[in-house]
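A.B. asks: below are the sequence and a predicted model for it; my questions follow.
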Amino acid sequence: MVKKSIERIYLILIFLFLYLPIGVLIVLSFNNSKSRVQWGGFTLHWYQELFRSRVIMEAFYTTITIMLAASIIATLLGTMAALGIHAMKRRGKAIMLGATNIPLLNADIVTGISLMLLLIRFTRLGVNTVLIAHITFNIPYVILNVLPKLNSLSPNTYEAALDLGATPFYAFRKIIWPDIKGGVFSGFLMAVTMSLDDFSITYFTKGAGVNTLSTMIYTEMKKGIKPEMYALSTILFLIALILLLLMNYRSSKKSSEAVSRI
Amino acid sequence: MIKQSRQLLAGPYIVWIIGFIILPVLMILYYAFTDAAGAFTFSNVAAIAEPIHLKSLLLALKLGILSTLICLVLSYPLAMILNGLHIQKHSFIVFIFVLPMWMNFMLRILAWQMLLSNNGIINTFLQSLGFSGINLMNTQTAVVFGMVYDYLPFMLLPIYNSLVRIRKDIIEAAKDLGANNVTVFFKIIFPLTLSGVISGIVMVFVPALTSFVISDLLGGGKVLLIGNVIEQSFMQGMDWHLGSGLSLVLMVFVLVSMAFMNGKGKDGEGTAVW
């Protein structure tokens, strides 16, 4: 019994540690005062400011555009790459996987700097360079999600389908795709998450005037208190909550597995 | 025949690897070993031995190790408690502990900045209780707080995943054979979660060691980590050669610490979480 209560208390303490900061942000987003400690009454003023601010809206738009484009391209390239790598012999496979690991192992700051040093030679830094950078760090997540699915496929079924007269594309669609689509999907989701959360690599590869939410918040934080940021946090927290709940619901049968994979 | 044509699918990715992974790394090497005039030099890499750079590297190591240890000490019991919960509640509670991770990294730092600042919540609270305010903001403590808050899930999830995989009958068998809880923990549970612990350590230590944003925003320029020195040499000092030289040193540090940790726990299964 004592053990149970200690466990409860520990869970509650960690819960507070995780949620107190977020809770305070949410409360302050409705606070009609710029002070961080005084309650000046309830207001939606900061939300109006948020939607009126061109800087924030542009950053939001850029973030979504880059996130979608980078994730889709990375999923496409990554899935193709996984299919190709899967067909390779041991040595080729090892080399490809080694190279795939580089962006995962390298510190973000080093990846960002290295890409900047290269890209700045050929083009002006801007949205496109951020997109290239995001695709680069997203592809490995897709490959690492798709490859295990391919490895658990029986190699003979696909060839049997070809022998029986299926075109390669038809055989792919009917035999391989159903078994790997889960991996492709979770790779895509992981790419989305990584893209949304990235700061360091975007920071180094973006040009002047281009901002994603992360870099925009960074600049604003350096300037001082901006209650609009609290409103933005609240909205983003709600979006994350809804997305995660949806994903949890979708795979409620294997829910614990799904959550632990996130 | 089929296999060979399928390998071609990796073609675009191979081009991508060469263009955007290998070439950029070569660029760092190039800048690291040349000076502004383009002549070969070791001075950018050797600059790590200068007191100010060395100090920032040691500080980054210190705060990185400290945050990693705190994350480990907090996460392990948490993972065990989560794993021991009744199965129906358990996915929901895991969900609760994953959710903060999904909020933008920068906003999580913002939240802590707000709590820790001198006229922030923690200080006001302390003062209202009659204590004198403490200076938390712009200290190493604040940076460690931020790092622990940001990286805790990276430690929790691999440990939790490796705990979930342990089959209950193994533990029951040990108990039937007379092992007490302590023995079960040290002989069975801990060794089986070692790979999770190791990937947790790598996933917390590497970002903590190389971070520059947390120390910038919560340390207010007073906590200078190697990441900050590198960032400044690119963004303010415009000395790309020095910055590349230091990046190279940092890269080697990361690789060495990973090789060290991987040598300890052979299978990298837990790494697949992220």
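C.D. replies: Received, thanks.
A.B. asks: where exactly do the helices run in the stretch 101-250 of chain A?
C.D. replies: For the stretch 101-250 of chain A, the helices defined by DSSP state H, counting those that start in this stretch occupy A:108-122, A:127-151, A:155-163, A:168-171, A:177-197, A:200-205, A:213-223, A:227-250.
A.B. asks: rebuild those as JSON lines, extending it with distance to B:Asn228 and mean neighbour count.
C.D. replies: (C-beta placed from N, C-alpha, C; glycine too.) JSON lines is the format used below for these (distance: least, C-beta to C-beta, whole Å; neighbours: other C-beta atoms under 10 Å in any protein chain shown):
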{"stretch": "helix A:108-122", "distance to B:Asn228": "10", "mean neighbour count": "23"}
{"stretch": "helix A:127-151", "distance to B:Asn228": "21", "mean neighbour count": "23"}
{"stretch": "helix A:155-163", "distance to B:Asn228": "51", "mean neighbour count": "14"}
{"stretch": "helix A:168-171", "distance to B:Asn228": "52", "mean neighbour count": "14"}
{"stretch": "helix A:177-197", "distance to B:Asn228": "20", "mean neighbour count": "19"}
{"stretch": "helix A:200-205", "distance to B:Asn228": "12", "mean neighbour count": "26"}
{"stretch": "helix A:213-223", "distance to B:Asn228": "13", "mean neighbour count": "19"}
{"stretch": "helix A:227-250", "distance to B:Asn228": "22", "mean neighbour count": "18"}
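A.B. asks: quick one: mean pLDDT for the longest helix anywhere in chain B?
C.D. replies: Longest helix in chain B, counting residues (DSSP state H): helix B:51-84. Averaging pLDDT along helix B:51-84 gives 91.
A.B. asks: now residue 83: closest residue in space that isn't a chain neighbour?
C.D. replies: No chain was given, so I picked chain A. Of all residues beyond its chain neighbours, the one nearest A:Leu83 is B:Leu9 (4.7 Å), with distances taken as C-beta to C-beta, 6 or more residues apart in numbering or on different chains.
A.B. asks: let me rephrase: I mean chain B.
C.D. replies: B:Leu163 (4.4 Å).
A.B. asks: give me the number of residues near the one you found?
C.D. replies: Residues lying near B:Leu163 (other C-beta atoms under 10 Å in any protein chain shown) number 18.
A.B. asks: ok, stretch A:173-180 near chain B or not?
C.D. replies: No. Using C-beta under 8 Å from any C-beta of the partner chain, stretch A:173-180 never reaches chain B; the gap is at least 10.2 Å.
A.B. asks: what residues does stretch B:108-116 touch?
C.D. replies: Applying C-beta atoms under 8 Å, 6 or more residues apart in numbering or on different chains, the external contacts of stretch B:108-116 come out as A:20-22, A:24-25, A:28, A:36, A:217, A:221, A:229, A:233, B:100, B:120-122, B:136-137, B:142, B:145-146, B:149-150, B:213-214, B:217-218.
A.B. asks: tell me how far that stretch lies from the chain's centre.
C.D. replies: Remark: stretch B:108-116 is offset 19 Å from the chain centroid, using C-alpha atoms, centre = their mean, to the nearest Å.
A.B. asks: same question, stretch A:74-84
C.D. replies: Its chain's average C-alpha position is 17 Å from that of stretch A:74-84, according to C-alpha atoms, centre = their mean.
A.B. asks: and what of stretch B:5-24?
C.D. replies: Its chain's C-alpha centre and that of stretch B:5-24 lie 28 Å apart, by C-alpha atoms, centre = their mean.
A.B. asks: run through the neighbouring helices and strands of the helix or strand harbouring B:Leu152.
C.D. replies: Assigned by DSSP states H and E, B:Leu152 falls within helix B:140-165. Using 3 or more C-beta pairs under 8 Å, 6 or more residues apart in numbering or on different chains; DSSP states H and E, the elements in contact with helix B:140-165 are helix A:2-29, helix A:255-261, helix B:51-84, helix B:87-98, helix B:105-116, helix B:190-210, helix B:213-218.
A.B. asks: most packed of those?
C.D. replies: The highest average neighbour count among the helices and strands packed on helix B:140-165, using mean count of other C-beta atoms under 10 Å in any protein chain shown, belongs to helix B:213-218 at a mean of 26.
A.B. asks: toward the C-terminus, what is the element adjacent to that one?
C.D. replies: Note on helix B:213-218: by DSSP H and E, the next helix or strand toward the C-terminus is helix B:226-235.
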